[in-house]
Every structure is written in C-alpha cells, then in structure tokens.
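Q: Sequence and predicted model, in that order:
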Amino acid sequence: MTQAGHTPAAKPSLGAGQIWNMSFGFLGIQIGFELQNGNVSRIFQTLGADVGSLAILWIAAPMTGLLVQPIIGHLSDKTWGPLGRRRPYFLTGALLASLALFLMPNAPVLWVAAGLLWVMDASLNITMEPFRAFVGDNLPDRQRTVGYAMQSFFIGAGAVLAGALPWVMTNWLGLSNVAPAGAIPETVHWSFYIGGAALLAAVCWTVFTTKEYSPEEMRSFAAAQGHVAQTAAHPQRSSAQFAAGGVIWMVAGAMVAALVALARGESRPAFLGTIEVAKDLYVLAALIAGFGVLQLVASMLRAQGRNQNGFMEVVNDLFAMPLTMRRLAVVQFFSWFAMFALWILGTPGVTEYHFGATDAASKAYQDGADWWSLMGSVRNGLAAAAALGFVLVAARIDRTRLHAINLMLGAAGFAAMLLIRDPAFLWVSQIGIGIAWASIVSLPYAILAGSVPAEKMGIYMGVFNIFIVVPQLLAATLLGFLVTNLFGGEAIYAMLIAAVSFVLAAVATLFVGEDKVETVPALRTGEA
C-alpha cells in the first residue's frame, strides 16, 4: 500500500496476498448471513410461526438495511481516523452481529427472535456495505473483477462452512437436531455460537492486516486518471420536481392500501374470486408511500436552501445515478428477488415437497431442514469454485455477457428443483444456482465500481444495495400472496417464481454497458 505523502501517477496494482487479506473478512460476514438465511425460518417455525407468516417476519431486517446502507456508505466516505475510512465500520458491525448470533438460538419466544433478526441483519449490513467500497477504493479498475471475485470466493467458502454446521453436528458429532415443541435444537445452538466467533475473527483479520489510502492519495489517483463521472454534470432536481414525485408516489401507496383494505373487507369485490389478500401487502403500500414522503422532505429542504446535509447528499446521489448503475439496478432487483425466494421459502418448500413433512417438531422436518442446509453448502462450494474461475477469465471476457449466461444457468437450477423429487439428487439443481450466486455477488460490483467517482464510492455502493433490500421487501410481502393464490400454498413453487425472475435479470443484463474510468496498462500481479 502506498505510504502517506507519496503521489503515484496511477493507483498501483496489489499482490495476491494483499487482495486475499482485504477480502478475508467476507468469510465471516457470509457465515453470519448463511446461518441467518438457512436457519432463521426454521427457528421461527419452531417458535410457532406458520409458513404463511414467515415472509412478513423478515420485514424488519430489510427495512433497516434500506436505511442503514446508504447512511453507512455516506458516513464512511466522510470518515478518516486511525483505522482508516471503512475499517471502523467493519469492526463495529462485526461486534454487534456476533452478539446477535450468540443470542438468536436462545430466543424464548417468536417476537424476540424477530427482533434479533432485525439487529443481526442491520449489523451485518453495517459490516458488509463498506467492504464493497473497500475493493473499489484500493484496487484499480483492471483488478476490480479479481477483487470482487475474491470476495465471492470467501462468500462461497463461508456459506459452505455455515451451511454444513448443523448437518455435521448431527451426523458426525452426534448432537441432537430434534428438540421439544417450542425449543431450538442443540445443533442450531452450537452452529450459531461457532458462527459468531468465526465472523468476528475473520473481520478482525482484515481490519488489522490491511491499510487504506488517505483522502489525499485518493484525490491524487482521481486527478491522475482524469476521472470524468457521469454524475458530475447531472442537474439536481428542483423543489417542484421533488414535490411532484412525492405526491405521485404517496397517492400510489394510498391506492394500494385502499385496494388491500377493500379486498380484506366485508364488501369484497366479486372479481377477486377466491384470491386471498394478506395484510402483508400493507407493507408494500407503506414502502411506496414512504418513497413519496422522502421526496416531499427533500422538496421542503431544497426550497429552504438546506442542501448541505447528509440527507440531501444521499437523495441527490440517488436521483443522479450513472446510467450504468441504473441499468444494473434492474438486474439486481430481479436477481435478488429470486435469491430471497430461495432463502425465505427454501426450507419449508424442500421439507414439504421432498420429505413430506410440515410439522416443524417432527424428525422428518428436521432431517429435511438439515439436508437443505447441506445443499446450501454444496451450492456455495460451487459458487466459490466459480468465483475462482471468474478470477482466471477476468481480463479476457465481457463481464455483462458472462453475467447473463450465469443467470440463465441459475434459472435452470431453480426449475430443476421442481423436477427432481428424490432429495438425494437435489445437488444437481444447485450447480446452476451456485454459479449464478457467485456472479451476482461479484460481477455487478466490478462493473459498478468503474462507473462511479472515487469520492462517492461508499455512498453509491450503499445506494446500489437498496436494489438488494427492495426486492427483499417485495419478496417478504408478495411471495406469500403469490404462492397462496397461484400454487395453493405449496412453498416449493416459489422456486418457479425465482426461475422466471432470473430469466428477466439475464435479459436486463444485456442492456448494461460499461463505463471505463481508468485507462492503464494491463494487469500485473504485484508482490504479496
């Protein structure tokens, strides 16, 4: 890493060891996310939640992420101290997330578990968001695909370890995966304890083995590049434009809420037939109206001339996204909607469709949940291998076409989950999903990092993650409605919805162009 006071002509390449160290923390982050995604629905069901209410129980976490990620991105752009710009947030989030992991399997009742999910997800977001900007900060454009692919490798490796923990403890260590009604199995307890310790250790490794470029060095790199960002000349929205947009979105939210109320009332319209409209859809109405409220607040602040504050900076950047980022947002939306369908309804879908179990206290259900957790390890192991493949081809293939191909493989994997009835062969379906997953968590970020100004890397990575949180919120509100009304409540058909979503994401990818902001020599490996 360049020392303070030195002014390089261009941002230097980093060695393989340096890229390894700066990405290693993602091993722990993904252990946390995988334990959350693979086991929280199981914990909720054990504590008395039914399948229809699972999605809504996930609402608080993404709502927090929607607010936390842009704020953390904005704050980290403005931070500089003994631990640098991004690393203070790595460490703070890891400490909080580890604590939540230790407490989650000890939740005595459902509402406590839901609250801990909120804390856990917010803390993981605090840690994860700056990690994305960290790669963009420290690597030149020619190495960013390698950097994000290395993160993807650790995401896969961490998920393999976390996903395998409950199954290994049952089948190798002899711990019980069955508990009395309302109690969390012993295997889940120990998985969360081990995962919490691993998360903290991995993030600390990155915090204490890496350095960051100072603000002065970052400015010199940008000047050397002759960086011209698409956002630089983008006109800011006027107070009237914000007001008009706010009114439109608030009216739309109110209309959705009114339709939900009408559908759930006694004078239910005949054209709805037997369609069940859950109260979960009020959350969708609130989300739409909330975006309107945000614009009305921005309109008021703009009219008062109060433009120099964090809120207005985030809102301005949201509406001034580069074209590449706008197009990638569509890709992210459909990609992550599919993945949340997998995480929210994968466990009840597989336990019912492949193991014939719906009672969360039964051995068949717990065996199915353990097997599905193991399939998550298979999927993520394949993702880690695919990420290494991306490292090898990073300099020789168009990233957008590669991403589209990977998403189509993922769609085939989702469809295969319905065609395969023997759970022993579910691993086949995970091949395509694993490759797509490795692509989702690496290639869009590599493309994005080259299209945004360096001084706004954190805020734009945070804004970009909104397009992960929004599909999570929609999945939490709409999946139950779609599965209930289209497929008779059979959770496995959420995988069909996911397949269609991946196809739409693949098509959208073909419309994404890449904006090059650095013109530098070919990749060199550098020294570790």
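A: Right, received. Where do you want to start? Residues are numbered from 1 along each chain as shown.

Q: Could the C-alpha coordinates of stretch 373-393 be exported in CSV?
A: In CSV, the C-alpha atoms belonging to stretch 373-393 read as follows (Å, rounded to 0.1, in the frame of the first residue of the first chain):
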residue,chain,number,x,y,z
SER,A,373,-28.8,-26.7,4.9
LEU,A,374,-26.2,-29.1,3.5
MET,A,375,-27.4,-28.4,-0.1
GLY,A,376,-26.7,-24.8,0.7
SER,A,377,-23.1,-25.8,1.4
VAL,A,378,-23.0,-27.6,-1.9
ARG,A,379,-24.4,-24.6,-3.7
ASN,A,380,-21.9,-22.2,-2.1
GLY,A,381,-19.0,-24.6,-2.6
LEU,A,382,-19.8,-24.5,-6.3
ALA,A,383,-20.1,-20.7,-6.0
ALA,A,384,-16.6,-20.5,-4.5
ALA,A,385,-15.2,-22.6,-7.3
ALA,A,386,-17.0,-20.5,-9.9
ALA,A,387,-15.5,-17.3,-8.3
LEU,A,388,-12.0,-18.7,-8.9
GLY,A,389,-13.0,-19.3,-12.5
PHE,A,390,-14.0,-15.6,-12.8
VAL,A,391,-10.5,-14.6,-11.5
LEU,A,392,-8.9,-16.6,-14.3
VAL,A,393,-11.1,-15.2,-17.1
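
Q: And that stretch, what's buried?
A: 373-384, 386-387, 390-391 (16 or more other C-beta atoms under 10 Å). C-beta here means a position set from N, CA and C on the backbone, and glycine is covered the same way.

Q: and what of stretch 414-433?
A: 414-418, 420, 423, 426-427, 429-433.

Q: In those, which has the lowest confidence score?
A: pLDDT across the buried residues of stretch 414-433 is lowest for residue 423, at 87.

Q: how about the helices of the stretch 301-450 of the chain, start to end?
A: 310-319, 323-353, 363-393, 399-419, 426-440, 443-449 (DSSP state H, counting those that start in this stretch).

Q: a markdown table for those helices, including distance to residue 295?
A: Output for those, formatted as a markdown table (distance: least, C-beta to C-beta, whole Å):
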| stretch | distance to residue 295 |
| --- | --- |
| helix 310-319 | 8 |
| helix 323-353 | 17 |
| helix 363-393 | 38 |
| helix 399-419 | 31 |
| helix 426-440 | 29 |
| helix 443-449 | 24 |
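
Q: Mind checking these for the one nearest to residue 504?
A: helix 323-353 (4.5 Å; C-beta to C-beta).

Q: got the angle for the closest one vs helix 399-419?
A: If you take axes from the mean of the first three to the mean of the last three C-alpha atoms, to 10 degrees, helix 323-353 sits at 10 degrees to helix 399-419.

Q: orientation of helix 323-353 relative to helix 426-440 in degrees?
A: Using the same axes, to 10 degrees: helix 323-353 against helix 426-440 is 160 degrees.

Q: quick check, distance from helix 323-353 to the centre of its chain.
A: Relative to the centre of its chain, helix 323-353 is centred 9 Å away, using C-alpha atoms, centre = their mean, to the nearest Å.

Q: for stretch 245-252, same thing?
A: 27 Å.

Q: May I have that stretch as CSV, with CA atoms only?
A: Extracted C-alpha coordinates of stretch 245-252, given in CSV (Å, rounded to 0.1, in the frame of the first residue of the first chain):
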residue,chain,number,x,y,z
GLY,A,245,-42.7,13.0,-7.5
GLY,A,246,-43.6,12.8,-3.8
VAL,A,247,-47.3,13.4,-4.4
ILE,A,248,-47.4,10.8,-7.2
TRP,A,249,-45.7,8.1,-5.0
MET,A,250,-47.8,8.9,-2.0
VAL,A,251,-51.1,8.7,-4.0
ALA,A,252,-49.9,5.4,-5.5
